[in-house]
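[1] Sharing a model that was predicted from the sequence below.
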Amino acid sequence: MFTSGSHGRRFGRFTKVAATLSVGALALVGCANDGDSNGNGGGDSTYSIGINQLVQHPALDSATAGFQAAFDDAGVNVDWDVQNANGEQATAQTISQQFASANLDMVLAVATPAAQATVQSIQDVPVLFTAVTDPVSAELVDSMEEPGANVTGTSDAAPIEEQLDLLKELVPDAERIGIVYASGEVNSQVQVDEAKEAAEPRGLEIVTQTVTNVTEIPQAVEAIGDVDAFYVPTDNMVVSGIASLVQAAEASQTPVIAAEAGTVEGGAVATLGIDYEALGRQTGEMALRILEEGEDPATMAVETAAEFTYMVNEEAAERQGVEIPEAILNEAETV
């Protein structure tokens, strides 16, 4: 159980004395710092929170913004130290080690690899995660219902069956679906396995190709060969390099269906997917319950997304040879 006060926090058998953190004390050499070290209230800070974000792309940026907005809405002042690992696991590890030696009240990890790095380094203050598909498979928590230790958060598990149904509505004759994903992301493998399971009763065949960095995406698309559509899961590497996949898809007029709204804004045709700003805000509300109300993350169930976004990109659809049915246009947001 956490007890909060302006000068101390207790976590299990660990006690730490809180101190006001200066910008210099938290600066990380070689890491991008996007933080607002002056807090969000302009006065004395109540909490010091570090954010370890794997990479910058619209989905993760929105999750981070939503998390911070929850504190703004609650009128709680925070000294933020927001760090971006630029997609590098080693950098995420360095950030987490720096956070471990800082006098923080809490750490947020955004995306699975960043969360794995953070959990390895930090055991004596609460760790929240978001944009993690399967925290159990990623070995972040013992279970979704009883996370254990100092870690809990929100899952961005996507409604894959409904997304494949959407794909079939947009491309009725589709049979072969291509998925490019990062070999090193546990969350992506989980989604690919779920997609294969959901595809079979829908008469779809999933064809996959893995990448180890963004520059390999065009070659992976070529290696997949002829497919009727591409499905893009919430894979941080591929989403951050979505422009190259979309470019290849448009050259062959192959529709791209996405797992989240940011990828549609980046050139995919449509999604029924995660609203990452709302997911981040949901995570922030969990954080406030820990810091302000003394809830224990060990017994706080991991939460799943409460909201999904139905979105289409009409210009992308035209470039990829897709006619969006009027029924979908009437329901969806457009970009």
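    Thanks, I have the structure now.
[2] In contact with E277, which residues?
    62-63, 65-66, 69 (C-beta atoms under 8 Å, 6 or more residues apart in numbering). (Each C-beta comes from the backbone N, C-alpha and C, glycine too.)
[3] Let me know the closest of those residues to Y310.
    The shortest approach to Y310 among the contacts of E277 belongs to S62, at 16.4 Å (C-beta to C-beta).
[4] Look up phi and psi at that closest one.
    phi -70, psi -40 (degrees, to the nearest 10).
[5] How about the contacts made by it?
    Contacts for S62 were tallied using C-beta under 8 Å, 6+ apart; they are 262, 275-277, 280.
[6] got the residue ranges for the helices in this structure?
    23-26, 58-74, 89-101, 112-121, 160-170, 186-199, 217-224, 236-240, 242-251, 261-265, 276-293, 314-319, 326-331 (DSSP state H).
[7] And those helices, which one averages the lowest pLDDT?
    Looking at the helices of the chain, the lowest mean pLDDT belongs to helix 23-26 (a mean of 36).
[8] This protein - how does it break down into domains?
    Per automatic domain parsing, the domain ranges recorded for the chain read 2-156+276-307, 160-274+309-334.
[9] First-to-last residue distance for the shortest one?
    Its first and final residues considered, domain 160-274+309-334 spans 21 Å by C-alpha to C-alpha, to the nearest Å.
[10] what's the offset of it from the middle of its chain?
    17 Å (C-alpha atoms, centre = their mean, to the nearest Å).
[11] likewise the first one?
    Computed by C-alpha atoms, centre = their mean, the separation of domain 2-156+276-307 from the middle of its chain amounts to 13 Å.
[12] residue contacts, the nearest residue to G184 once chain neighbours are set aside?
    Counting by C-beta to C-beta, 6 or more residues apart in numbering, T212 is the residue found nearest to G184 once chain neighbours are left out, at 6.8 Å. Applying C-beta under 8 Å, 6+ apart, we find T212 in contact with 182-184.
[13] Look up how far Q320 lies from the residue nearest the centre of the chain.
    Nearest to the geometric centre of the chain sits A131, at 2.5 Å (C-alpha atoms, centre = their mean). As judged by C-beta to C-beta, to the nearest Å, A131 and Q320 stand 26 Å apart.
[14] cool, and A270?
    As it turns out, when the distance is counted by C-beta to C-beta, A270 lies 10 Å from Q320.
[15] which one of these two has more residues nearby?
    Summary of the neighbour comparison: A270 and Q320, criterion other C-beta atoms under 10 Å, with A270 having more neighbours (29 against 25).
[16] related to what we said a few turns ago, kindly reformat the contacts of T212 as JSON lines containing pLDDT and neighbour count.
    Written out in JSON lines, the entries for the contacts of T212 read as follows (pLDDT from 0 to 100; neighbours: other C-beta atoms under 10 Å):
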{"residue": "A182", "pLDDT": "96", "neighbour count": "26"}
{"residue": "S183", "pLDDT": "94", "neighbour count": "12"}
{"residue": "G184", "pLDDT": "89", "neighbour count": "16"}
